[in-house]
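Asks: okay, predicted coordinates and the sequence, questions at the end:
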Amino acid sequence: TTGKSGLKLNRNLLLGFTLTGVFSFANNIYSTNVFPVFLLKVADGNTLLFGLAEGLQGLAQLVTAFPIGWLADKYKRKYLLWAGGLLWIIFIGLLAYATDIATQDSMRSFIILCVALSIGGVTNGIVGGPLMALLDDSTPAGYRSDMELYYGVIWNIASIAGPIVSLISFAEGENEWTMEQMKLIIYIGCAATVPCIILCIFFDDDLALGKESEAISRIEGEAAEVLGGRQGDGKKVLGFITTEMIPWFLFGLNLFFSLGAGMSVKFFPIFFADECGLSPVTLQILYIILPSVVVAFTLIATKLSKTWGRMQVIVCFNFLGIGHTLAMALMRSQYHNAEVMVTVYLLRCGFQWSTGGLAYSIIADYVPKEYRGRWNTLESISSFGWSGSAVLGGHLVKLSGYSTTFLITAVIQLLGVVLFALPITPLVALEKDIQKAVEALKDNEGELEEPLLGGNEARSAPRAVVPASSSIRGLPGMNPTFEETTGENGAGASSLSRSLSHLEHVARIGSLG
């Protein structure tokens with residue numbers, strides 16, 4: 001499925017990228033910068049209530065995500081995507097209705113919007129978790145940073161179009177944050193989300209890859225030798241941190257970043273509108289430029305990761321991003337200077353938002369396929385941390401202002417890098433080494449087939465999928481039962497039976513902090 005040309009796109013990947021682009025376009029029409037201002041107006045400027053609404057969205061995702069992850073591992077992922085599409089219909093309808101009846105300083109309108117946001121949180125968990133696990137199952141090991149690069153670039157390019165629609169709407173109407181003007185933009189965003197529901201129907205677990213999309217710990221034989229000891233010699237950092245702990249450390253990093261980011265990211269549009277005095281049109285222009293900056297930084301980060309290593313780039317870029325967040329906290333005297341603050345903000349987001357895909361690719365490389373659905377449920381914890389900390393952020397903004405909030409964000413994220421990113425940096429294999437291991441595995445399989453099948457039969461017969469051995473130890477606390485691993489009769493689980501049992505990934509939006 002791959003070669004020297006790099007990642008080959010299959011049906012699931014093409015559908016996933018298309019869904020990503022459509023949703024990013026629709027979501028960024030209203031969600032990024034219009035809806036926060038709209039919700040704050042409905043809450044009569046109460047930032048604590050605003051944070052509470054965001055917290056409810058994260059709580060809804062947290063409560064439902066673990067059952068969703070279990071179902072995604074127990075049954076085919078496409079069934080969950082179908083269910084997510086149906087719930088999406090309810091979410092769009094309720095959000096449109098809540099927007100239609102919303103008035104400024106109306107508690108009834110605010111409560112209905114909170115219900116809509118809660119359903120949106122459940123929808124995010126249903127669609128986001130199984131979708132990303134299926135994309136990882138459809139991507140060969142060693143090429144996942146390329147898949148994440150496609151994903152990130154498509155998301156950010158499509159997100160440019162969203163603010164353009166908002167900009168045109170504000171330019172043609174009133175260049176003011178009026179309720180009617182914002183309602184129109186939310187309606188457009190809801191309508192643009194409808195194609196996502198249709199796309200959910202066409203995903204198929206049976207088109208996912210076999211052994212070549214496994215975790216590198218499952219790539220047997222040549223893998224340990226090719227990886228030069230990184231994977232196979234039991235190397236430890238600080239005497240206890242091993243490769244098996246890499247996903248957990250990345251989860252910890254993502255959780256810290258989510259906790260910090262949730263306190264500030266949702267308030268950036270309000271910060272620029274209130275403190276820097278940006279008009280609606282100017283704010284839309286900012287959010288048109290921002291994705292272009294993130295795309296450029298993502299291309300640079302992915303290119304550097306091929307030679308430096310993925311964790312090395314993650315650590316370096318995050319330190320630089322945190323430095324710019326700290327600068328925003330300390331530059332209170334410049335808050336009136338929109339040009340300066342916008343420049344610092346763009347650099348901050350460029351560094352920090354460009355490495356999420358690299359982190360996800362590492363997790364997918366170090367988590368076996370049959371745990372990927374469960375790992376996706378961990379996104380709910382980070383998302384709740386993100387949304388839950390928005391409640392605290394709203395209180396801090398009201399109590400101490402934006403400067404203190406930005407400072408606390410920087411400190412929390414700095415702790416995350418020091419505690420969770422630096423320790424695992426020496427353990428993560430280079431992708432070029434993983435690619436060699438996958439090619440060696442395929443060569444070995446070919447050598448075994450030819451003597452058994454002979455000439456033409458060997459070339460025409462479908463390649464057997466190497467089953468996961470029941471002796472392989474799973475992640476701590478996530479070991480399957482004997483029946484789940486080997487099947488009723490003790491036979492090794494095939495790729496298909498595993499897809500009907502149990503599958504990975506960690507916090508997508510959350511790590512964008």
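Replies: That came through, no problem. The structure displayed is predicted, hence computed values, not measured ones.
Asks: can you count the residues close to the residue lying closest to Leu94 once chain neighbours are set aside?
Replies: For Leu94, ignoring the flanking residues on the chain, the nearest one in space by CB to CB, 6 or more residues apart in numbering is Ala116 at 4.5 Å. Backbone N, C-alpha and C define where each C-beta goes, glycine included. Neighbour count of Ala116, defined by other CB atoms under 10 Å: 22.
Asks: hang on, isn't Ala116 packed against Ile92?
Replies: No. Ala116 lies out of contact with Ile92 (CB atoms under 8 Å); the separation is 9.2 Å.
Asks: quick one, helices of the stretch 251-400 of the chain?
Replies: Listed in chain order, the helices of the stretch 251-400 of the chain (DSSP state H, counting those that start in this stretch) span 268-274, 280-308, 310-330, 338-352, 356-366, 372-400.
Asks: quick one: closest of these to Gln181.
Replies: Gln181 sits nearest to helix 280-308 of all the helices of the stretch 251-400 of the chain, at 7.7 Å, using CB to CB.
Asks: helices and strands around the closest one, which ones?
Replies: Under the contact definition 3 or more CB pairs under 8 Å, 6 or more residues apart in numbering; DSSP states H and E, helix 280-308 sits against helix 144-172, helix 268-274, helix 310-330, helix 338-352, helix 356-366, helix 431-453.
Asks: what's the closest of these to Asp137?
Replies: Counting by CB to CB, and looking across all of those, nearest comes helix 356-366 at 9.0 Å.
Asks: pLDDT on that closest one, on average?
Replies: The pLDDT scores in helix 356-366 average 84.
Asks: I'd say Gly356 and Tyr151 touch.
Replies: No. Taking contacts as CB under 8 Å, Gly356 lies outside contact range of Tyr151: 9.5 Å.
Asks: flag the shaky bits of the chain, pLDDT-wise.
Replies: 1-6, 211-234, 369-374, 376-388, 438, 440-513 (pLDDT under 70).
Asks: please redo it, this time with the cut-off set to 50
Replies: Applying pLDDT under 50 to the chain flags the ranges 1-5, 220-223, 226-232, 448-513.
Asks: biggest helix in it by residues?
Replies: helix 107-137 (DSSP state H).
Asks: that one - contacts with which helices or strands?
Replies: Secondary elements touching helix 107-137 (3+ CB pairs under 8 Å, 6+ apart): helix 11-30, helix 34-42, helix 47-74, helix 77-101, helix 144-172, helix 372-400.
Asks: reformat the ones you listed as a markdown table; add distance to Phe271.
Replies: Formatted as a markdown table, the helices and strands packed on helix 107-137 follow (distance: least, CB to CB, whole Å):
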| stretch | distance to Phe271 |
| --- | --- |
| helix 11-30 | 18 |
| helix 34-42 | 10 |
| helix 47-74 | 11 |
| helix 77-101 | 24 |
| helix 144-172 | 17 |
| helix 372-400 | 8 |
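Asks: out of those, nearest to Ser258?
Replies: So among the helices and strands packed on helix 107-137, helix 372-400 is nearest, using CB to CB, at 4.1 Å.
Asks: so after the closest one, what's the next helix or strand?
Replies: The first helix or strand that comes after helix 372-400 along the chain, using DSSP states H and E, is helix 402-416.
Asks: in that following helix, what counts as buried?
Replies: Tyr402, Ser403, Thr405, Phe406, Leu407, Ile408, Thr409, Ala410, Ile412, Gln413, Leu414, Gly416 (16 or more other CB atoms under 10 Å).
Asks: closest to Gln312 among those residues?
Replies: Once CB to CB is applied, the member of these that ends up nearest Gln312 is Gly416, at 16.5 Å.
Asks: nearest residue to that closest one other than its sequence neighbours?
Replies: Closest to Gly416 by CB to CB, 6+ apart is Phe256, at 2.8 Å.
Asks: go on, Phe23?
Replies: Cys196 (5.1 Å).
Asks: check what contacts the helix or strand that contains the one you found and list those residues.
Replies: Taking DSSP H and E as the definition, one finds Cys196 inside helix 179-199. Outside helix 179-199, the residues that touch it by CB atoms under 8 Å, 6 or more residues apart in numbering are 15, 18-19, 22-23, 25-27, 29-31, 34-35, 37-38, 41, 85-86, 88-89, 92, 95-96, 99-100, 102-104, 127, 162, 165-166, 169-170, 173-174, 280.
Asks: just to revisit the earlier point, buried deepest among the helices and strands packed on helix 280-308, which one?
Replies: Of all those, helix 356-366 carries the top mean neighbour count, a mean of 26, counting by mean count of other CB atoms under 10 Å.
Asks: for that helix, name the packing helices and strands.
Replies: helix 144-172, helix 246-262, helix 280-308, helix 310-330.
Asks: what about 6 Å?
Replies: Packing partners of helix 356-366 (3 or more CB pairs under 6 Å, 6 or more residues apart in numbering; DSSP states H and E): helix 144-172, helix 246-262, helix 310-330.
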